[in-house]
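>>> Sequence below, structure please.
(one chain, ligands or ions: 1)
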Amino acid sequence: MSAPEEPSSPDRRRFLALAGSLGVAAGGSLLLPGQARADSPPLEWQNWSGGQKARPANMAYPDSEEALATAIRSATAPIRAVGGSHSFSPVVSTPGTIISLEALNGMVAHDPKAQTATFRAGTRVAATGPALKAVGQGLLNEADINLQSLGGAISTSTHGTGRLLKSYSGNVTHLRLFTADGSAIDCSADTNRDIFDAARVAVGSLGILSQVTLQNRTAYRLRETVRVSDVQAAMAAMEAERDRHRHIEIFVFPFGGKAIVKRMNITTDAPTPVVPADDNELLDFAADTARKYPWTNAWVQRLVGMFISDSERVGDSFDVLASPRTVAFNEMEYTVPAERGLECLEEVNSTIRRAGINVFFPLEFRYTAADDCWLSPFSERPGASISVHQYHKQDYRPLFRLVEPIFWKYQGRPHWGKLHTLTAKNLRAVYPRFDDFLRVRRELDPQGRFLNPHARQLFLG
Ligand SMILES: Cc1cc2nc3c(=O)[nH]c(=O)nc-3n(C[C@H](O)[C@H](O)[C@H](O)COP(=O)(O)OP(=O)(O)OC[C@H]3O[C@@H](n4cnc5c(N)ncnc54)[C@H](O)[C@@H]3O)c2cc1C
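Residues are numbered from 1 along each chain as shown. Below you'll find the model as predicted:
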């Protein structure tokens, strides 16, 4: 059989942005104030990828802390908070009440000396960039996208890449948590320390965060360089250069033998012209072609090297760190001890190749520094995170079933917002402070009002 027709007029820069960014962020079903009416058809919620759906009995959209307390007190359990709906796992789905933090957003205060800033928990990460720049600050790091809410990003230990940089949770200095009876608890390293350690990554299961204070730094610019190479060269670069760059990550295409290496470092150079936002037609075309004609997958993946030209840009940190992602996919991610990361990546890659699983999206590999949050995948251990993605029109189960046991072999800890099959029994083995978390959870919510079926598997199962 011959290969399908190539995409017309391949635009190298456009393909780079698309493939490198793995799809674009459009947001799940946004829950807007006023959407829920008594005479409405059944309430429906779904996440960004469309892989999770729920029909809650009620939804609430508090726009103040008083309204949040009232909403919690009067809610039908199980109660779940929702931020940006950008998690792949069933962390939000509930037959009870979904409480959206969308209307609780914006900066509350900032401290120029300590370089910290307090935001309402529903603030989307994208909104923090300009707000912080206006007061001379910048987030220390960001994830691939910036449509998460701060409350959601913190609750799942969302992270970017950088061997010396922590996840969002690791940069929290203060939290305000509304608990099952509607009362608020302020916590920090000096106040309610156990609750602080538990609540910085609680997967929505201790209560609802109304505001968070983040440790930031002076506003800064980043230079990003993107290079295409062979897989082995990319892995060698990751090993040799991980201490040389503030941020370095690789995307490995299992079948094309190609990889993308992305490096970012602080610079005072002038910003480069803003490149207009890319659409995702080409990535969608490639993923869909590989889905419909699996025998073309290696051919399409090899084209990555033909389409992509090396690129470089300079901009404000918040413009460079996050990329748009609009082609939907489902994702599994585990974090293994940093020193075994590349070995694990190699095994995942070769296992997918041997099994001949039809997947177009690349594996993503990143480093994150250790923190002291009890349920962070980086808890007391610097981590290497490996993400496996499957196009949303394809069944992700064969791929994820194949690779998940490999992650377990390396003592992997799952990303709470991404798909995995672990329950309390397995989680206890990889999180040394798991039972401390369960104790705090029982004390704060003895009746399990915040436990949806998924959280029950995680924390009771
Ligand atoms: C395209 C895409 C790219 C991604 N890239 C990355 C990445 O680079 N790095 C990474 O680590 N992750 C990444 N993720 C995963 C994502 O960052 C996390 O799943 C994150 O939790 C999503 O934030 P959210 O606001 O959408 O939270 P939601 O999905 O709405 O909620 C997540 C959890 O947080 C809880 N929650 C939300 N708000 C609150 C609150 N105020 N108080 C208490 N609990 C709350 C919810 O109950 C739920 O348990 C990506 C996801 C997508 C779809």
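
>>> the helices in the stretch 251-400 of the chain, which residues?
Remark: helices assigned in the stretch 251-400 of the chain by DSSP state H, counting those that start in this stretch are 281-292, 297-307, 317-321, 341-355, 397-409.

>>> Let me know the secondary structure of Gln457.
Classification of Gln457 by DSSP: H, G, I helix; E, B strand; the rest coil places it in helix.

>>> That one contacts Ala424, correct?
Yes - counting by C-beta atoms under 8 Å, Gln457 sits close enough to Ala424 to count as a contact (7.3 Å). C-betas here are computed from N, CA, C, even on glycine.

>>> can I get the helices of the stretch 251-400 of the chain in CSV with mean pLDDT?
Shown next, in CSV, are the helices of the stretch 251-400 of the chain (pLDDT from 0 to 100):
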stretch, mean pLDDT
helix 281-292, 75
helix 297-307, 69
helix 317-321, 97
helix 341-355, 97
helix 397-409, 98
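
>>> Go through these and pick out the most buried.
The highest mean neighbour count among the helices of the stretch 251-400 of the chain, using mean count of other C-beta atoms under 10 Å, belongs to helix 317-321: a mean of 22.

>>> CA atoms only for that one, dumped as PDB, please.
Extracted C-alpha coordinates of helix 317-321, given in PDB (Å, rounded to 0.1, in the frame of the first residue of the first chain):
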ATOM      1  CA  SER A 317       7.800  33.800  31.000                       C
ATOM      2  CA  PHE A 318       4.000  33.400  31.000                       C
ATOM      3  CA  ASP A 319       3.900  33.700  27.200                       C
ATOM      4  CA  VAL A 320       6.700  31.200  26.700                       C
ATOM      5  CA  LEU A 321       6.000  28.600  29.300                       C
END
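
>>> how about that helix, does it get close to the ligand?
No - Helix 317-321 lies out of reach of the ligand by C-beta under 6 Å from any ligand atom, never closer than 9.5 Å.

>>> What helices and strands are in contact with that helix?
Other elements packing on helix 317-321 under the criterion 3 or more C-beta pairs under 8 Å, 6 or more residues apart in numbering; DSSP states H and E are helix 125-134, strand 137-139, strand 221-230.

>>> Please name the strands paired to the last one in the sheet, noting orientation.
Applying DSSP bridges, strand 221-230 is found paired with strand 258-267 (antiparallel), strand 311-316 (antiparallel).

>>> What residues does the stretch 101-250 of the chain have near the ligand?
When proximity is defined by C-beta under 6 Å from any ligand atom, the stretch 101-250 of the chain lies next to the ligand at 101, 121, 143-145, 148-149, 151-153, 155-156, 158-159, 203-204, 208-209.

>>> and these, which of them are in strands?
The strands, defined by DSSP state E, take in 208-209 from these.

>>> how near is Val300 to Gly256?
When distance is defined by C-beta to C-beta, to the nearest Å, Val300 is 8 Å away from Gly256.

>>> same deal with Gly151?
From Gly151 across to Gly256, the span is 38 Å (C-beta to C-beta).

>>> For Ala290, see how far away the closest residue to Asn426 other than its chain neighbours is.
In this structure, Asn426 finds its nearest non-sequential neighbour in Trp408, 7.6 Å apart by C-beta to C-beta, 6 or more residues apart in numbering. From Trp408 over to Ala290 the distance is 28 Å, taken as C-beta to C-beta.

>>> Also Ala236?
Taking C-beta to C-beta, one finds Ala236 at 27 Å from Ala290.

>>> what's the answer for Thr191, then?
In this view, Thr191 and Ala290 are 52 Å apart by C-beta to C-beta.

>>> Could you do Ala355 as well?
Separation of Ala355 from Ala290 (C-beta to C-beta): 15 Å.

>>> Just give the number of residues close to Gln447.
By other C-beta atoms under 10 Å, the residues close to Gln447 number 10.

>>> Could I get the contacting residues of the residue positioned nearest the centre of the chain?
Centrality entry for the chain: nearest residue to the mean C-alpha point is Thr158, 4.6 Å, by C-alpha atoms, centre = their mean. With contact set as C-beta atoms under 8 Å, 6 or more residues apart in numbering, Thr158 has these partners: 143, 148, 152, 167-169, 417.

>>> can you check Ile154 too?
121, 168-169, 172, 175, 200-201, 209, 212.

>>> can you tell me which of those residues are in strands?
172, 175, 209, 212.

>>> Kindly indicate which of those lies nearest the ligand.
The ligand lies nearest to Leu209 out of the ones in strands among the contacts of Ile154, by C-beta to the nearest ligand atom, at 3.6 Å.

>>> any idea of the pLDDT on that closest one?
On pLDDT, Leu209 comes in at 98.

>>> before we move on, what about the one 5 residues further on?
Reading off the confidence values, Leu214 has pLDDT 98.

>>> What is the distance between the helix or strand hosting it and the centre of its chain?
Assigned by DSSP states H and E, Leu214 falls within strand 208-218. When C-alpha coordinates are averaged (C-alpha atoms, centre = their mean, to the nearest Å), strand 208-218 and its chain have centres 17 Å apart.

>>> Let me see the contact set for the residue in the stretch 201-350 of the chain that the ligand sits nearest to.
For the stretch 201-350 of the chain and the ligand, the shortest gap (C-beta to the nearest ligand atom) falls at Gly204, measuring 2.4 Å. Gly204 sits next to 80-81, 91-92, 155, 450, 455 when contact means C-beta under 8 Å, 6+ apart.

>>> The ligand contacts on the stretch 351-461 of the chain?
Proximity of the stretch 351-461 of the chain to the ligand (C-beta under 6 Å from any ligand atom) is limited to residues 415, 417.

>>> can you pull out the strands in the stretch 351-461 of the chain?
Ranges of strands in the stretch 351-461 of the chain, per DSSP state E, counting those that start in this stretch, are 363-368, 383-391, 413-414.

>>> can you redo these as a markdown table with mean pLDDT?
Below are the strands of the stretch 351-461 of the chain laid out as a markdown table (pLDDT from 0 to 100):
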| stretch | mean pLDDT |
| --- | --- |
| strand 363-368 | 98 |
| strand 383-391 | 97 |
| strand 413-414 | 98 |
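
>>> Please convert those to TSV, extending it with mean neighbour count.
TSV is the format used below for these (neighbours: other C-beta atoms under 10 Å):
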stretch	mean neighbour count
strand 363-368	24
strand 383-391	26
strand 413-414	24
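
>>> out of those strands, which comes closest to Val430?
Val430 lies closest, by C-beta to C-beta, to one member of the strands of the stretch 351-461 of the chain: strand 413-414, at 5.0 Å.

>>> Quick one: residues in contact with the closest one.
Residues from elsewhere that reach strand 413-414, judged by C-beta under 8 Å, 6+ apart: 332-336, 377, 379, 383, 407, 420, 422, 430-431.

>>> Narrow these to just the buried residues.
332-336, 377, 379, 383, 407, 420, 422, 430-431 (16 or more other C-beta atoms under 10 Å).

>>> which among those residues gets closest to Cys187?
For the buried ones among the contacts of strand 413-414, the nearest to Cys187 is Ser379 (17.2 Å; C-beta to C-beta).
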